[in-house]
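In: Have a look; sequence and predicted model below, questions after that.
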Protein chains: 2
Amino acid sequence: MADVHPGRRLRPHIKAHKCTGLAAELEAAGHTSFTCATPREILGMISAGVGNDFLLANETVDPHRLEALAEAQEHALITVAIDSEETLSAAERAGIKNILIDVNVGLPRCGCDPKDAGRLADSARIRGMTVRGVMGYEGHLMMVMDREEKRERVHQAMSVLASAHEDVGGDIVSAGGTGTYDMFAGTTVNEVQAGSYVLMDSQYAQLGHPFVQAMWVVGTVISSNERWSVVDVGLKSLGMDHGNPTVDNHQIWFCSDEHLTISPHDGTPRFKVGDRAFVTPAHIDPTMAMHEVAYVANQFGEILAEWPIDLRGW
Amino acid sequence: MADVHPGRRLRPHIKAHKCTGLAAELEAAGHTSFTCATPREILGMISAGVGNDFLLANETVDPHRLEALAEAQEHALITVAIDSEETLSAAERAGIKNILIDVNVGLPRCGCDPKDAGRLADSARIRGMTVRGVMGYEGHLMMVMDREEKRERVHQAMSVLASAHEDVGGDIVSAGGTGTYDMFAGTTVNEVQAGSYVLMDSQYAQLGHPFVQAMWVVGTVISSNERWSVVDVGLKSLGMDHGNPTVDNHQIWFCSDEHLTISPHDGTPRFKVGDRAFVTPAHIDPTMAMHEVAYVANQFGEILAEWPIDLRGW
């Protein structure tokens, strides 16, 4: 990713892993500006001394969290997304200096109507705030499988964002994710917010991108018979919104709170009680948020480091 | 529930909420024996001084966790489920004194073949361990909607368990959950492992049982327009394996990592930015496991207590 989007061309999204140990590796790869989904992610990154430029790519009206961000402005460049007068006012009251206009580019979620973007920017400037630019997340296009269709639709969405940017001004045109990271040539987008690419999951793997699975929930087989085996990895350790996890060479029967019932494909020896099983989550972001610590291992299974997943919670 | 299954007739399952503050309320209602899914749940209950009789209704071969449980045996009666020679040996090596035979009664998960139950009990007794009885979780029957069909199938499953109990001996015949709590008249089951009934969720609500929803994830509306509103409650704060959460008088569009997009039914006023929204999770157990604290409120929204969800993790 750093080859395609070096340095500040990428603003890696911290929400995918919530782990400052991993963020430090991204910094070592040349990225110093980061995207965050929660104030706690930004505050934790600053405490860990990783990065110097943070975008809260999400709306909040919480005065306490915004005030905490405002206090942190002396330690790092912090920019807060707003998409309404209410979110702008909340940021102003807390003392936030830099905002960015979040523009709806087709995903029905946050983001203002593109035609309101200029007005919100004017309102912010009247309040004495700095408007750094625009963002527009085309999340509805991440899993479009036909690459030409995807490119066309991403460019349509980014033309909406470019038009809003003309009304807004500022230096930043921020968009994108792992599913669209290579679709921005010929657009005005100048930073990409991808995050999942560092760890991947079984959903993003369907896209055939040059990123490899790097995170598994490692379980222990606790019960096994002629027909099925049970791994102690369940709903409390796996993001389930994208469906069941996968286990190489095995069929998934079902997942319960603390268990995964599986059976081997023909020719695969069945697991014995005590064996370790590598479970690949279908969705990386909520999975990481469920765990206290990540263990960094080499290809021989030796543990090289232990990274607290220290940006969890709210 | 305490009316139907008073005192030790109920062995409330702690995995549903992982919260010693709530468990203390169950103790005040007369229950002193508890079901747990993880060693950490048992150790945390003992640390909090709640309950005096704990069943690990789950298999583990982890020597460190089993040794910690063995050390805790001087503070409480601890019984560990086993379903194989391997799990029995692991318990023995760690110094566990009391075991219970987990019997498969139809759910393809843990639990030994019923015909092996007596042999495992004999093996435990030869090792000098106490065999307290049997358990058999009929999880595959929780959501059978026809009550007569459900009763017939539960009784079939419990006749398998009763037969295994004849081979095993011991005082305990443990089974059940919130979905089958009132199906045991005429069986030999003498304790019920229900847990979800205390908080409920939108899936169990379909059964029409006399338990009411008592837990919501309270979010804040952070974006709103003519067509939809966005609540800051997403995949990282909701168990999603049973599908989307619900919000009264609203249609759920979709749930993302940090967001829930919804629209009001006809006649319902639309949410404004800053409004609070009560989100009902589809599955209580994984939802509780995602949060650090539960706030106890009365019907006026006044906060009466703050309960750490202190039994999370492994």
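Out: Done, it's in.
In: Can you pull the phi and psi angles for A:L56?
Out: Per-residue torsions, A:L56: phi -80, psi 100 (degrees, to the nearest 10).
In: contact partners of the helix-or-strand element of chain A with minimal mean pLDDT?
Out: Ranked by mean pLDDT, DSSP states H and E, the helix or strand of chain A with the weakest confidence is helix A:202-205, at a mean of 93. For helix A:202-205, the surrounding residues in contact (C-beta atoms under 8 Å, 6 or more residues apart in numbering or on different chains) are A:143, A:178-179, A:196-197, A:211, A:213, A:242, A:245-246, A:280-284. (Glycine included, C-beta is placed from N, CA and C.)
In: do stretch A:221-231 as well
Out: By C-beta under 8 Å, 6+ apart, stretch A:221-231 touches A:219-220, A:232, A:247, A:253, A:259-264, A:270-277, A:279, B:58-61, B:83-84, B:87, B:108-111, B:113.
In: how about the helices in the stretch 151-300 of chain A?
Out: Secondary structure of the stretch 151-300 of chain A (DSSP state H, counting those that start in this stretch): helices located at A:202-205, A:284-288.
In: Of these, flag the one that's most buried.
Out: Highest mean neighbour count of the helices of the stretch 151-300 of chain A: helix A:284-288, a mean of 26 (counted as mean count of other C-beta atoms under 10 Å in any protein chain shown).
In: Near A:R147, how many residues? Count them for me, please.
Out: 12 (other C-beta atoms under 10 Å in any protein chain shown).
In: do A:K97 as well
Out: The local packing of A:K97 (other C-beta under 10 Å) involves 16 other residues.
In: show me what contacts it?
Out: A:K97 neighbours (C-beta under 8 Å, 6+ apart): A:A70, A:Q73, A:I78, A:M129, A:T130.
In: neighbour-wise, which of those leads?
Out: Going by other C-beta under 10 Å, A:I78 tops the contacts of A:K97 with 23 neighbours.
In: returning to that earlier point: tell me which of the helices of the stretch 151-300 of chain A lies nearest to B:N52.
Out: Taking C-beta to C-beta, helix A:284-288 is the member of those nearest to B:N52, at 36.0 Å.
In: Dump the C-alpha coordinates for that closest one into CSV.
Out: Extracted in CSV, the C-alpha atoms of helix A:284-288 (Å, rounded to 0.1, in the frame of the first residue of the first chain):
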residue,chain,number,x,y,z
ILE,A,284,-11.5,-7.6,10.7
ASP,A,285,-12.6,-4.4,12.3
PRO,A,286,-15.1,-5.7,14.9
THR,A,287,-13.0,-8.8,15.4
MET,A,288,-10.0,-6.8,16.5
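In: what sits up against that helix?
Out: With contacts defined as C-beta under 8 Å, 6+ apart, helix A:284-288 is touched by A:15-19, A:195-196, A:199-201, A:204, A:215, A:217, A:237-241, A:281, A:294, A:309, B:235-236, B:240, B:257.
In: Enumerate the residues of the stretch 151-300 of chain A near chain B.
Out: A:220, A:222-225, A:227-228, A:230, A:232, A:235-236, A:239-241, A:253, A:255-259, A:261, A:272-274, A:283, A:285-286, A:289-290, A:292 (C-beta under 8 Å from any C-beta of the partner chain).
In: Separate out the buried members of those.
Out: A:220, A:222-225, A:228, A:230, A:232, A:235-236, A:239-241, A:253, A:255-259, A:261, A:273-274, A:283, A:285-286, A:289-290 (16 or more other C-beta atoms under 10 Å in any protein chain shown).
In: List the buried residues of stretch A:31-51.
Out: Those would be A:31, A:33-46, A:48, A:50-51, for stretch A:31-51 by 16+ other C-beta under 10 Å.
In: If you could redo that for stretch A:244-257, that was the one I meant.
Out: Per 16+ other C-beta under 10 Å, stretch A:244-257 contains these buried residues: A:N244, A:P245, A:T246, A:V247, A:H250, A:W253, A:F254, A:C255, A:S256, A:D257.
In: In strands only, show me those residues.
Out: A:H250, A:W253, A:F254, A:C255 (DSSP state E).
In: and the last one, what pLDDT?
Out: In this case it means A:C255. You'll see A:C255 listed with a pLDDT of 98.
In: There's contact between it and A:L238 in this structure, I believe.
Out: Yes. Taking contacts as C-beta atoms under 8 Å, A:C255 lies within contact range of A:L238: 6.7 Å.
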